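Colleague: Below is the sequence, then the predicted model.
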Amino acid sequence: MNYQINTFEEYLEIYKYSIENPEGFWAEIASNFFWHKKWDKVLEWNFTEPEIKWFLNAKLNITENCLDRHLADGGEKTAIIWEPNNPDENVRKITYKQLYTDVCLFANVLKSNGAKKGDRICIYMPMIPELVIAMLACARIGAIHSVVFGGFSAKSIADRVEDAGCRMLITADGVYRGAKLLNLKGIVDEALINDNLIKKVIVFKNRGINIKMQTERDIWWHDEIEIATTDCKAEIMDSEDMLYILYTSGSTGKPKGVVHTCGGYMVYTAYTFSNVFQYKSNEIFFCTADIGWVTGHSYIVYGPLLSGATCLMFEGIPTYPDSGRLWEIVEKHKVNILYTAPTAIRSLMQAGTEFVRGKDLSSLSKLGSVGEPINEEAWHWYNENIGNSKCPIADTWWQTETGGILISPIAGISPTKPSYAMLPLPGIQPAIVNAQGEELFENNISGDLCIKFPWPGILRTTYNNHERCRTNYFETYKNMYYTGDGCLRDKDGFYRITGRADDVLKVSGHRIGTAEVENAIDLHHKVIESAVVGFPHHIKGQGIYAFVICNNENTDSDKLRTEIIDIVTKEIGSFAKPEKIQFVNGLPKTRSGKIMRRILRKIAEGETENLGDTTTLLDPTIVEEIKTGSLSLA
Ligand code: WT7
């Protein structure tokens with residue numbers, strides 16, 4: 001049984017079975033993969049420590065399942081269609097056979113430069129096929145990749161390299177994103193100024209721009225593959241060996257390294273990819289995410305390749321050369337499935353339907369949305385203008401920590417409803433709990449979203465800090481994984497994710513911790529204290545609003561604003577820039593010194609009437625002052 005879902009009745013049946021017999025269910029799905037040795041036991045878990053293990057003692061290499069396995073029947077099939085940033089440049093099409101060869105070749109490069117099983121390798125690359133090759137080459141030799149999104153600053157790379165203890169880094173000279181040329185190698189050089197861990201930096205010549213190569217440390221990708229062989233046996237990995245680390249933001253200032261392991265992640269991404277999108281073998285799947293985020297890991301790289309799919313990878317941005325670019329790509333490559341983010345939909349919607357008009361989107365049969373709640377207006381626009389009202393929309397809810405999609409319609413199979421993620425996938429047991437930690441069993445309720453039972457793609461730990469994993473996800477509610485999201489279940493039992501209930505923001509789909517932004521702002525020598533909250537933004541979903549207390553030397557607030565924005569860009573990346581900065585004389589604090597963010601959020605939302613109870617504040621007058629000040633920013 002592969003438990004592929006073909007009808008809604010099947011979904012209901014499979015779901016029921018998956019809950020009654022999760023181990024039997026996942027074991028049968030896992031049997032469809034290539035294992036060097038099968039598991040002794042399907043699952044061992046407790047959510048207290050937490051300790052979660054899937055397919056115990058099974059041996060595999062995920063790249064054999066992504067590549068080798070397809071060669072006999074599908075070696076000539078296109079694995080990756082690469083669309084360049086500049087539409088006038090050449091498209092690249094890479095077959096499974098070619099990808100296999102490229103991965104083996106580069107895996108040998110890694111080995112000959114000293115990389116081995118268990119090493120952590122940082123990857124900071126643009127959206128080019130070599131990024132996929134680099135990731136799979138790591139997995140081939142059992143090294144753990146830690147991909148850092150290309151929009152992150154030097155400081156962010158440095159922090160991640162240090163936390164993961166990386167000895168090697170793979171990058172490219174530079175990349176065009178839209179009309180902007182970015183010198184990636186220059187950013188890497190800056191990141192490594194004080195580093196003495198990284199022994200090798202492998203540089204892919206992408207744009208031929210002028211960069212500095214440090215002797216001994218820096219080597220060229222093209223020189224290395226010249227002298228490498230193409231024969232590379234896959235390292236045999238335990239099911240629970242680490243596959244990768246991906247850093248993501250939480251409520252504290254320091255991003256955490258979410259760890260996914262080989263066996264469970266493989267089974268989960270493949271199963272969710274082929275079912276949610278109902279992928280059929282001749283279809284072209286286009287996911288617009290950046291591989292630097294989990295969506296790209298799971299649904300550009302692993303899920304599609306494990307399924308033998310053809311995946312389109314786009315180097316550029318949706319607005320270059322104009323806001324019709326995504327639609328042009330759909331037309332040019334006859335894309336069948338488009339998976340994108342609400343923020344992109346809203347920005348293209350704002351640009352106007354004239355960019356869609358005249359584009360032949362008739363190849364599309366299924367649509368997906370991911371990363372943040374999709375508002376009804378955007379949902380309808382996507383449905384009507386892009387899907388021509390005939391393409392089901394899968395509003396897929398999941399997280400970096402979940403490895404793959406947990407709650408989503410099955411495209412074309414199960415019902416949809418604008419702004420609803422609808423129903424849990426097989427094997428997923430959601431629970432909505434109230435503040436007392438009690439599960440609410442009835443419909444028409446809302447609360448915190450938890451998951452009661454493990455699934456193969458769940459994170460196993462946060463790198464080097466298991467305690468953080470425990471306190472973040474498994475402590476708030478006993479015996480449950482806490483997602484950090486608020487959620488409602490309507491009268492029909494359909495789920496709607498209402499957004500983060502913690503101090504995490506989703507800005508243009510990018511996950512940012514308010515504490516990270518505050519830490520950056522506080523580095524400015526004139527800043528005494530800051531508090532950052534999100535506010536509703538018509539395109540970005542959320543915008544960043546910073547309340548900042550400065551010492552009184554401050555005179556030129558515009559200059560200070562610019563300096564603060566520069567610091568945030570330098571510390572995190574320009575995607576984390578505050579939209580609004582309000583200078584204040586104090587922050588609303590309780591007598592114990594806790595900032596009452598609830599009040600700041602309301603003010604940032606422009607809702608100054610209903611601030612709720614302010615009597616517990618140390619100094620209630622400060623609220624009036626902040627309210628007045630906020631009006632002049634609006
Ligand atoms: C957070 C996770 C999902 C992979 C990419 C983002 C929000 C994600 C949805 C959705 C409403 C969503 C949640 C979640 N989110 N998808 N379909 N509807 N909210 O992964 O960066 O780890 O962010 O994104 O708040 O907790 P991430």
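Modeller: Here it is on my side, so go on.

Colleague: Quick one: neighbours of the residue nearest to residue 340 when sequence neighbours are not counted, just the number.
Modeller: Nearest-residue entry for residue 340: residue 288, 4.4 Å, with adjacent residues in sequence omitted and distances by Cβ to Cβ, 6 or more residues apart in numbering. Heads up, the C-betas are built off the backbone N, CA and C, glycines and all. By the measure other Cβ atoms under 10 Å, the count of residues near residue 288 is 22.

Colleague: now the closest residue to the ligand within the stretch 301-450 of the chain: how far from residue 417?
Modeller: Going by Cβ to the nearest ligand atom, the ligand is nearest to residue 400 of the stretch 301-450 of the chain, at 3.4 Å. Residue 400 sits 26 Å away from residue 417, going by Cβ to Cβ, to the nearest Å.

Colleague: Looking at those two, which one has more neighbours?
Modeller: More neighbours surround residue 400 than the other of residue 400 and residue 417, with 19 against 16 (other Cβ under 10 Å).

Colleague: Need the phi and psi values for the more buried one.
Modeller: Dihedral pair for residue 400: phi -50, psi -40, per degrees, to the nearest 10.

Colleague: Pretty sure residue 295 sits against residue 368.
Modeller: No: applying Cβ atoms under 8 Å, one finds residue 295 not in contact with residue 368, separated by 9.8 Å.

Colleague: Now list whatever residues contact both of those two.
Modeller: 287, 339 (Cβ atoms under 8 Å, 6 or more residues apart in numbering).

Colleague: how much space between the residue of the stretch 101-250 of the chain found nearest the ligand and residue 258?
Modeller: Residue of the stretch 101-250 of the chain nearest the ligand, by Cβ to the nearest ligand atom: residue 248 (5.2 Å). Distance of residue 248 to residue 258, computed by Cβ to Cβ: 6 Å.

Colleague: Now do the contacts for the residue of the stretch 301-450 of the chain closest to the ligand.
Modeller: Contacts of residue 400 by Cβ under 8 Å, 6+ apart are 246, 248, 258, 293-294, 459, 511.

Colleague: Neighbour-wise, give me the winner out of the residues you listed.
Modeller: Neighbour counts for the contacts of residue 400 (other Cβ under 10 Å) peak at residue 246, which has 27 neighbours.

Colleague: Chain neighbours aside, what residue packs nearest to that residue?
Modeller: Per Cβ to Cβ, 6+ apart, closest to residue 246 is residue 258, 5.2 Å.

Colleague: Run through the bridge partners of the one you found.
Modeller: In this entry, residue 258 is beta-bridged to residue 246, residue 462, by DSSP bridges.

Colleague: Sketch out the low-pLDDT regions of the chain for me.
Modeller: Along the chain, segments meeting pLDDT under 70 span 554-555.

Colleague: residues in it within reach of the ligand, list them.
Modeller: Within the chain, the residues that sit near the ligand (Cβ under 6 Å from any ligand atom) are 248, 293-295, 370-373, 395-400, 421, 483-485, 497, 499-500, 506, 511.

Colleague: taking those residues one by one, which sit in helices?
Modeller: Using DSSP state H, the subset of the residues of the chain next to the ligand located in helices is 294-295.

Colleague: Show only the entries of the residues of the chain next to the ligand found in strands.
Modeller: 248, 370, 395-396, 483-485, 497, 499-500, 506, 511 (DSSP state E).

Colleague: follow-up on the earlier one: so the residue nearest to residue 246 makes contact with residue 247?
Modeller: Yes: assessed by Cβ under 8 Å, residue 258 is found in contact with residue 247 at 7.3 Å.

Colleague: Mind naming the longest helix for this protein?
Modeller: Using DSSP H to assign secondary structure, the helix with the most residues in the chain is helix 96-112.

Colleague: buried residues in the helix or strand just after that one?
Modeller: Next along the chain after helix 96-112, taking DSSP states H and E as the criterion, comes strand 120-124. Buried residues in strand 120-124, defined by neighbour count with 16 or more other Cβ atoms under 10 Å: 120-124.

Colleague: hmm, back to that, between the contacts of residue 400, which sits nearest the ligand?
Modeller: Distance to the ligand across these (Cβ to the nearest ligand atom) is lowest for residue 511, with 3.5 Å.

Colleague: Next up, the contacts around residue 54.
Modeller: Going by Cβ under 8 Å, 6+ apart, the list of residues near residue 54 reads 26, 42-43, 239-240, 261, 263-264, 267, 454, 456.

Colleague: what bridges to it?
Modeller: In this entry, residue 54 is beta-bridged to residue 43, by DSSP bridges.

Colleague: That one and the ligand: what is the separation?
Modeller: Distance, residue 54 to the ligand, by Cβ to the nearest ligand atom, to the nearest Å: 20 Å.

Colleague: Show me where the stretch 251-400 of the chain has its strands.
Modeller: 256-261, 284-287, 310-314, 337-340, 366-370, 393-396 (DSSP state E, counting those that start in this stretch).

Colleague: before we move on, back to that, export the contacts of residue 54 to TSV and tack on distance to residue 409?
Modeller: Listed next are the contacts of residue 54 as TSV, based on distance: Cβ to Cβ, whole Å:
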residue	distance to residue 409
26	22
42	28
43	27
239	30
240	31
261	28
263	27
264	24
267	21
454	23
456	21
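
Colleague: and which of those residues is nearest to residue 202?
Modeller: residue 261 (25.2 Å; Cβ to Cβ).

Colleague: Setting the sequence-adjacent residues aside, check what's closest to the closest one.
Modeller: Nearest non-adjacent residue to residue 261, counting by Cβ to Cβ, 6+ apart: residue 240, 4.9 Å away.

Colleague: Verify the stated contact: that neighbour with residue 266.
Modeller: No: Residue 240 is beyond contact range of residue 266, at 11.9 Å (criterion: Cβ under 8 Å).

Colleague: neighbour count winner among the two?
Modeller: Under the criterion of other Cβ under 10 Å, the comparison of residue 240 against residue 266 puts residue 266 first, with 31 against 19.

Colleague: what's the spacing between that one and the ligand?
Modeller: Counting by Cβ to the nearest ligand atom, the separation of residue 266 from the ligand is 18 Å.

Colleague: just residue 575 next, same as before
Modeller: Residue 575 sits 12 Å away from the ligand, going by Cβ to the nearest ligand atom.

Colleague: Could you check how far the closest residue to residue 19 other than its chain neighbours is from residue 265?
Modeller: The shortest distance from residue 19 to any non-neighbouring residue, by Cβ to Cβ, 6+ apart, is to residue 429 (6.2 Å). Applying Cβ to Cβ, the value for residue 429 to residue 265 is 19 Å.

Colleague: list the contacts for the nearest residue to residue 596 once chain neighbours are set aside?
Modeller: Leaving aside its sequence neighbours, residue 596 sits nearest to residue 588 (Cβ to Cβ, 6+ apart; 4.6 Å). By Cβ under 8 Å, 6+ apart, residue 588 lies in contact with 595-596, 599-600, 614, 617, 619, 622-623, 626.

Colleague: 6 Å instead?
Modeller: 596, 599, 617, 622-623 (Cβ atoms under 6 Å, 6 or more residues apart in numbering).

Colleague: ok so, going back, relative to residue 4, which of the buried residues of strand 120-124 is nearest.
Modeller: In terms of Cβ to Cβ, no member of these lies closer to residue 4 than residue 123, at 32.5 Å.

Colleague: beta partners of that closest one?
Modeller: residue 147, residue 170.

Colleague: I'd say it and residue 134 touch.
Modeller: Yes: using Cβ atoms under 6 Å, residue 123 makes contact with residue 134 at a distance of 5.2 Å.

Colleague: Give me the common contacts of those two.
Modeller: Counting by Cβ under 6 Å, 6+ apart, the shared contacts of residue 123 and residue 134 are residue 170.

Colleague: For the stretch 501-634 of the chain, just list every one of the strands.
Modeller: For the stretch 501-634 of the chain, applying DSSP E, counting those that start in this stretch gives strands covering 504-507, 510-513, 527-537, 541-550, 580-584.
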